[in-house]
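Engineer: Next input, structure requested:
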Amino acid sequence: MSSDQEIESGNFAPRGWAVWPPSSIRVVDWNINRGLRLDSILEFLAGSRADLIILQEVDLNARRTRRVNVAREISQKLKMNYVFGREFQELTQGSRTSPAFHGQATLSRWPLSNPRILRFHQQSDFWRPRWFLPDIDPFQERIGGRMALISEVSIDGRSLVVYNLHLESRGDDALRCSQLVECLNDARAYKPDRRIILAGDLNMDVSRSAAVGPAREAQFRNAFPERLVPTTPPGLLFSRGRAIDWVFTRGSVQSIHPQVHSSVLASDHYPLSVTLAFT
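Structural biologist: Purely as a prediction, here's the structure:
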C-alpha cells in the first residue's frame, strides 16, 4: 500500500476565524486508547480550547469503537482540519471487505499540508499474524508498523512541522531509541531555524534513556523539563504509573505552562497540554 493510500484528511475549520496572527498556540498531545470513550475524549478536547491536537491510537472502522472514523468525528465536532495516518490494519476488528485500522491523527485550526508517514526501519515482529494464532481480539494480529505522522501547519504565515509519534510498546528501550533517532535524523532535512514540534506516545521515560543525547544534539528541547509526573494511570496497587508521553520542540518557540491532566480518565493515558509562544 502506498503512503498516499495510508493517509486521509479533512477540512472542517472555518476560514478566516482568527482576526490577527497569534503570538502563541495551545497544543494537546494524547494517546486516546482507540477512542473507546469518545464522548469523554470530546468533552476534554472541547474544553481545552487547543489549536493543535496530536493524537495516537485512533480507530478507523473498528468493531470495538462502533465502526466510527474517530479522527473525522473529533475534527467535525471541534471544527478543525485533520490528517490521519494508518499505523496498523487491525485484522480482528474488521473484515476483508471492510478493513479496520488504527493510527495517528493531527488536528489543527489552520491548514495542514504535506502529510507523510515515516515508517520506522526497526520494528518488533510481535504484532504480525501467525498461522497458529486464532483470529480473535486478545491476540491483536496486525499488518503495518510503528511510525511517525508528519505534517506542516501554516499559522498565518508561520510554519510549524509536526511529528506525531507512536513508538513500539513490545520491545526494549534500545528499539524505541532507534525509532526516535530515525525521527531526529529525518528532521535534519529541515533548515535549522525551522520550527518543529515532536510529540507522542514514546513508550519510555526519555529523561532516563539513551535518547537524551541524540535529542539534544538535534537541538530538540523537552517541553516538560522538570516533569517526573506519570502520564499513565497507576496499573497496580502502589504503582505510580509511567512517564511515557512527551513533547519536544525545536526552533524559535518557547514552551509555557506544560501540564499533565491527571484528573482526566477518558483513556489509559493522560492528556498533555502546553502553550507554544513564537519567539
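
Engineer: Please name every helix or strand in contact with the one helix or strand residue 277 maps to.
Structural biologist: Under the criterion of DSSP states H and E, residue 277 resides in strand 272-278. Other helices and strands packing on strand 272-278, by 3 or more C-beta pairs under 8 Å, 6 or more residues apart in numbering; DSSP states H and E, are strand 24-34, strand 195-201, strand 245-250, strand 253-260. C-beta here means a position set from N, CA and C on the backbone, and glycine is covered the same way.

Engineer: Only the buried residues of the longest one, if you could.
Structural biologist: Going by neighbour count (16 or more other C-beta atoms under 10 Å), the buried part of strand 24-34 is 25-34.

Engineer: thinking again about what came up before, walk me through which strands the strand holding residue 277 pairs with, and which way each runs.
Structural biologist: Using DSSP bridges, the strands paired with strand 272-278 are strand 24-34 (antiparallel), strand 253-260 (antiparallel).

Engineer: Is it possible to get TSV of those strands that adds distance to residue 244 and mean pLDDT?
Structural biologist: Shown next, in TSV, are the strands paired with strand 272-278 (distance: least, C-beta to C-beta, whole Å; pLDDT from 0 to 100):
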stretch	distance to residue 244	mean pLDDT
strand 24-34	9	97
strand 253-260	11	95
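
Engineer: I'd say residue 258 and residue 276 touch.
Structural biologist: No. Shown here, residue 258 and residue 276 do not form a contact pair, counting by C-beta atoms under 8 Å, at 10.3 Å.

Engineer: what about those two, which has more around it?
Structural biologist: In this view residue 258 and residue 276 are compared by other C-beta atoms under 10 Å, and residue 276 has more residues nearby, 23 against 18.

Engineer: List the residues that contact the closest residue to that one other than its chain neighbours.
Structural biologist: Computed as C-beta to C-beta, 6 or more residues apart in numbering, the closest residue to residue 276 that is not its neighbour in sequence is residue 253, at 4.7 Å. Taking C-beta atoms under 8 Å, 6 or more residues apart in numbering as the contact definition, residue 253 lies against 160, 195, 197, 276-279.

Engineer: Just give me the closest of those to residue 270.
Structural biologist: Closest approach between the contacts of residue 253 and residue 270, by C-beta to C-beta: residue 197, at 18.5 Å.

Engineer: Looking at the closest one now. What's its pLDDT?
Structural biologist: As predicted, residue 197 sits at a pLDDT of 98.
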